[in-house]
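Q: attaching a predicted model along with its sequence, questions to come.
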Amino acid sequence: APKIRKMLSSGVCTSKVQLPGKVAIVTGANTGIGKETAKDLAQRGARVYLACRDVEKGELVANEIQATTGNNQVLVRKLDLADTKSIRAFAKDFLAEEKHLHILINNAGVMMCPYSKTADGFEMHIGVNHLGHFLLTHLLLGKLRDSAPSRVVNVSSLAHHLGRIHFHNLQGEKFYSAGLAYCHSKLANILFTQELARRLKGSGVTTYSVHPGTVDSDLIRHSSLMRWMWQLFFLFIKTPQQGAQTSLYCALTEGIESLSGSHFSDCHLAWVSSQGRNETIARRLWDVSCDLLGLPMDW
Ligand SMILES: NC(=O)C1=CN([C@@H]2O[C@H](COP(=O)(O)OP(=O)(O)OC[C@H]3O[C@@H](n4cnc5c(N)ncnc54)[C@H](OP(=O)(O)O)[C@@H]3O)[C@@H](O)[C@H]2O)C=CC1
Ligand SMILES: CC1=C(/C=C/C(C)=C/C=C/C(C)=C/C=O)C(C)(C)CCC1
């Protein structure tokens, strides 16, 4: 079974880049793809911040990563993307603590949650998956610019193909489907990546969106159908370590700077839906996101 799984899950980050002296943040690093991404960055010698909503879970993972990699520069900080106060507190402390930020991996995510809202009243999927990371990136951008060359990787999904940005129903108050809400938020990740790339042109900060593959993780916690499918089709499902490869590829591979704004899957450029390539929607989503978060539009 491991051999068949390996054969089916293509895409390996073969970069030999080492990261001594480099600083990285991985959101949602206490489990799944984020944990494996953080472990690989630590293995390469980076100082890695595990930005987790549950600090206790994060500490257990940090200890595990330190023990397996021998890198004791693996630090846990509280970050709840469902609360802008927590995001601001995380960023304030990080900016005070660190001189540099070379790699930001916006990895954390929720899928198929029953209708619920963040502390600031945003629908949970758009709030955590898009707006939370949008605010975090905004707050850290000065540090990323000062540390250039630096990178922002946004973990999106193939599910973006089913997504639409319904500006009149962004918070799902008029109609709501848990599955589609996830797809919309993953489309927002792609549109954010493209608009960010346009705005960062020439700055030395580049950004990429990623589909990690279909991965065995806690993401499917809200869907018993998917848990069942994952068990039945386990040979087609990537391990979290395999799922981390495309994030790592985009964070590390030399020479992809000119592809800033692009979408990757299995460590290759990947096709984006027509909605995901629409510059008008990307610009409008940017402005609406700034408006919702009380940010200036020209950052
Ligand atoms: N698994 C898959 O097949 C696919 C995954 N993806 C994407 O990959 C990314 C990683 O998912 P994956 O590893 O699979 O899923 P997991 O559920 O295993 O990991 C998600 C991580 O996000 C964290 N998280 C959730 N909500 C918040 C929040 N409010 N604040 C901070 N952190 C939060 C979780 O923390 P906690 O443990 O405390 O819940 C967890 O650490 C996601 O963006 C997902 O959309 C995309 C395509 C397919
Ligand atoms: C149809 C089908 C599958 C289902 C894939 C699904 C349902 C993927 C969902 C992906 C998710 C949850 C993405 C998250 O962003 C399997 C199990 C691969 C086996 C082969 C046939």
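A: Alright, I've got the coordinates. These numbers were taken from a predicted model, which means no experiment stands behind them. Residues are numbered from 1 along each chain as shown. Ligands and ions are numbered 1, 2, ... in the order given.

Q: contacts, neighbours, all on C-alpha from now
A: Fine.

Q: which bits of the protein sit near ligand 1?
A: 28-34, 52-54, 79-82, 107-110, 128, 155-157, 211-219 (Cα under 6 Å from any ligand atom).

Q: neighbours of the residue in the stretch 151-299 of the chain that ligand 2 sits nearest to, how many?
A: Closest residue of the stretch 151-299 of the chain to ligand 2, Cα to the nearest ligand atom: S157 (4.5 Å). S157 has 23 neighbours, counted by other Cα atoms under 10 Å.

Q: now S217
A: 17.

Q: what ranges does the chain have for its helices?
A: Ranges of helices within the chain are 2-8, 32-43, 55-69, 84-97, 124-125, 133-146, 178-199, 224-232, 240-243, 245-252, 279-293, based on DSSP state H.

Q: what residues are up against L101?
A: Shown in contact with L101 (Cα atoms under 8 Å, 6 or more residues apart in numbering): 22-25, 143-144, 147, 150.

Q: picking up where we left off before, looking at the helices of the chain, which is buried most?
A: helix 124-125 (a mean of 32; mean count of other Cα atoms under 10 Å).

Q: does ligand 2 sit close to it?
A: No: applying Cα under 6 Å from any ligand atom, one finds helix 124-125 separated from ligand 2 by no less than 11.9 Å.

Q: hmm, who's touching that helix?
A: Under Cα under 8 Å, 6+ apart, the answer for helix 124-125 is 82, 109-111, 113, 115-118, 181-182, 185.

Q: picking that back up, identify the farthest-apart pair in the contacts of L101.
A: Farthest apart among these by Cα to Cα are I25 and S147. That separation is 13.4 Å.

Q: which of those two has more neighbours?
A: I25 (26 against 19).

Q: looking at strand pairing, list the partners for the more buried one.
A: Going by DSSP bridges, I25 is paired in beta bridges with Y49, L104.

Q: pretty sure it contacts V48?
A: Yes: proximity of I25 to V48 meets the contact threshold set by Cα atoms under 8 Å, at 5.8 Å.

Q: show me what contacts V12?
A: 242, 245-246, 249, 266-267.

Q: please redo it, this time with the cut-off set to 6 Å
A: Shown in contact with V12 (Cα atoms under 6 Å, 6 or more residues apart in numbering): Q245.

Q: distance of it relative to T69?
A: 19 Å (Cα to Cα, to the nearest Å).

Q: ok, and the closest non-adjacent residue to K238?
A: In space, and not counting its chain neighbours, K238 is closest to V215: 4.5 Å by Cα to Cα, 6 or more residues apart in numbering.

Q: what residues are up against that neighbour?
A: Per Cα under 6 Å, 6+ apart, neighbours of V215: 237-240, 243.

Q: just the pLDDT at it, thanks.
A: In this prediction, V215 carries a pLDDT score of 95.

Q: re earlier: wait, the residue of the stretch 151-299 of the chain closest to ligand 2 sits on S209?
A: No: counting by Cα atoms under 6 Å, S157 does not reach S209; the two are 8.6 Å apart.

Q: which sections of the stretch 1-150 of the chain are below the confidence cut-off?
A: 1-9 (pLDDT under 70).

Q: mind redoing it with 90?
A: Within the stretch 1-150 of the chain, the ranges that satisfy pLDDT under 90 run 1-10.

Q: enumerate the residues of this protein near ligand 2.
A: Going by Cα under 6 Å from any ligand atom, the residues of the chain near ligand 2 are 157, 159, 214, 229-230, 233, 236.

Q: again, 5 Å this time
A: 157, 233 (Cα under 5 Å from any ligand atom).

Q: run a quick neighbour tally on H222.
A: Neighbours of H222 (other Cα under 10 Å): 15.

Q: going forward, the N-terminal residue is numbered 460.
A: Yes, from this point I'll number from 460; that puts the last item at H681.

Q: tell me the spacing between it and T665.
A: 34 Å.

Q: again, but for A729
A: 17 Å.

Q: which one of the two is surrounded by more residues?
A: For the pair A729 and T665, the greater number of neighbours falls to T665 (30 against 14), based on other Cα under 10 Å.

Q: what sits against the closest residue in space to the residue of the stretch 610-758 of the chain closest to ligand 2 that isn't next to it in sequence?
A: Nearest residue to S616, sequence neighbours excluded (Cα to Cα, 6+ apart): H670, at 4.3 Å. H670 sits next to 615-617, 724 when contact means Cα under 6 Å, 6+ apart.

Q: run the last query once more with 8 Å
A: 614-617, 705, 722-725.
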